[in-house]
Every structure is written in C-alpha cells, then in structure tokens.
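Chemist: Build me a structure from this.
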Amino acid sequence: MKIFKTIPLFGLMLVAYTLILAGFYYNNPSAHPMDHVIANIVLPSHQAWTLRVGDAVVLFGLILLFAEILKSTNASDTTVIEHVLSTFVFIFYMIAFLLAPMVANSTFLILTMMSLIDVIAGFTITINTARRDFTVG
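Modeler: Residues are numbered from 1 along each chain as shown. Alright, predicted model coming up:
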C-alpha cells in the first residue's frame, strides 16, 4: 500500500494521455484526439453542451490534482521521494510539451501546469507542516 502513496498520480495521467493519443492516432492519424466528441448533452436551458476528450482529460486531471494535494498533507518517510518523483514527472511534461508535436496542445499544457501546481503545493505543504511540527515540538 505504501507504493501507491509514492507514485505520482500525474505520472499515471501522463501514461493514460499517451495511451489515448496512441489509440486515436492508430485508428486515424489525421484526426486530433482531444477534439473527439464524447457526448452532446442538452441542458435545461436548451443549450447544447459538447463534452470532448480534452475536456474530460482536464476534468480528470483536476480530480487527480486534488488527490495529490491531499497526499502531500500526509507526513511520512516516503513524502520526499514522492515530491522528487513529482518533480521529475513535471520536467517530463514540460520537455514533452516543448519537443513532441503530438502533445503540443492546450489540454497538455493545462496538465503540465497542474503538474507544476502539484510540485509547488507539495513542497509548500510539506515545509509548512515541518515548520509547524518543529515549532510545536
């Protein structure tokens, strides 16, 4: 169970994003996968709302960001390892965004910024928790 606390969730999101891209590009290389329509929903205001793959990925990324912030509040011996791995995941996101043409889109940039927020929040929360523990103890 301790291994799941150490694995950065945005690393898993990166793997899922890559699998989504691979699946769509394998079927139709000319289509952009993040623009694929998942559902068309008519709202009570009679306005049509279209849910695309990119929108769903961003929504799932927000849920993962919340989970990552909750994970960073737990002080354990694996916290530092998780922060370092999260930093490497962010660096990989940034390098992929800058160098890989298939991920040069707004959805991936938003995921990259979520990964950066995860890294900054994780270190900030850990430092503040350690400072509080040091002051109390």
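Chemist: Leu51 contacts Leu43, correct?
Modeler: No. With contacts counted by Cβ atoms under 8 Å, Leu51 stays clear of Leu43, the gap being 11.7 Å. Backbone N, C-alpha and C define where each C-beta goes, glycine included.
Chemist: Neighbour count: the two, which is higher?
Modeler: Leu51 (13 against 8; other Cβ atoms under 10 Å).
Chemist: Same question for the helix or strand the more buried one falls within: list its buried residues.
Modeler: According to DSSP states H and E, Leu51 maps onto strand 48-52. Buried residues in strand 48-52, counted by 16 or more other Cβ atoms under 10 Å: Arg52.
Chemist: Determine the set of other helices and strands touching it.
Modeler: When contacts are defined as 3 or more Cβ pairs under 8 Å, 6 or more residues apart in numbering; DSSP states H and E, strand 48-52 sits against strand 37-42.
Chemist: ok, back up a step: what strands line up against the strand holding Leu51, and which way round?
Modeler: strand 37-42 (antiparallel) (DSSP bridges).
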